[in-house]
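Sequence and computational prediction follow.
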Amino acid sequence: MRILFDQGTPAPLRRALPSHTVVTAFEQGWSNLANGTLLIAAEEVFDLFITTDQNLMSQQDMSSRSLAILVLPTTSWPKIQMHLPEIEAAVEDIQQGEYRVLRWNL
């Protein structure tokens, strides 16, 4: 699976997803794109977008997206590390066009 990390998604998370191709928005040269433009560009190249933007659903129309979107509840790498199995399972299970928000007690 081809995965794009949004700006706030900690890059070390890519080590937990070794069977996937992971690129950050910065590496892709897309760090200055607004969310709508970023999602349109990502749909052309990637299968999954991982973000920490809790407001993405209210800011963008997700009804016609083919890109799967996984929202993490924090940008904190130490907190994310405690939930790597859950994130890995979500990545393996997420379907095309699905918008999934992970929640855990921070």
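Arrived safely. Numbers count the residues shown, from 1 in each chain.

does the closest residue to residue 100 other than its chain neighbours count as helix, strand or coil?
Leaving aside its chain neighbours, residue 100 sits nearest to residue 70 (5.3 Å; criterion: CB to CB, 6 or more residues apart in numbering). C-beta coordinates here come from the backbone N, C-alpha and C atoms, glycine included. Using DSSP: H, G, I helix; E, B strand; the rest coil, the three-state assignment for residue 70 comes out as strand.

can you count the residues close to residue 67?
Using other CB atoms under 10 Å, residue 67 has 20 other residues around it.

I'd like to check which residues are in contact with the closest residue to it other than its chain neighbours.
In space, and not counting its chain neighbours, residue 67 is closest to residue 43: 4.5 Å by CB to CB, 6+ apart. By CB atoms under 8 Å, 6 or more residues apart in numbering, the contact set of residue 43 is 65, 66, 67.

Show me which of those is closest to residue 2.
Closest approach between these and residue 2, by CB to CB: residue 67, at 10.2 Å.

distance of the closest one from residue 40?
9 Å (CB to CB, to the nearest Å).

my read is the residue nearest to residue 67 is in a strand, agree?
No: looking at residue 43 with three-state DSSP, it is helix, so not inside a strand.

hang on, the earlier thing: among the contacts of residue 43, which one has the lowest pLDDT?
Lowest pLDDT within the contacts of residue 43 is found at residue 65 (74).

low-confidence ranges in this structure?
Within the chain, the segments meeting pLDDT under 70 span 57-63, 106.

now the strands for it?
Residue ranges of the strands in the chain, as given by DSSP state E, are 2-5, 21-24, 48-51, 68-71, 99-101.

quick one: residue 87 and residue 20 touch, right?
No: when contacts are counted by CB atoms under 8 Å, residue 87 is not listed as touching residue 20 (11.7 Å).

who has more neighbours, these two?
Higher neighbour count among residue 87 and residue 20: residue 87, with 18 against 15, using other CB under 10 Å.

Tell me, how many residues neighbour residue 17?
Residues near residue 17, counting by other CB under 10 Å: 19.
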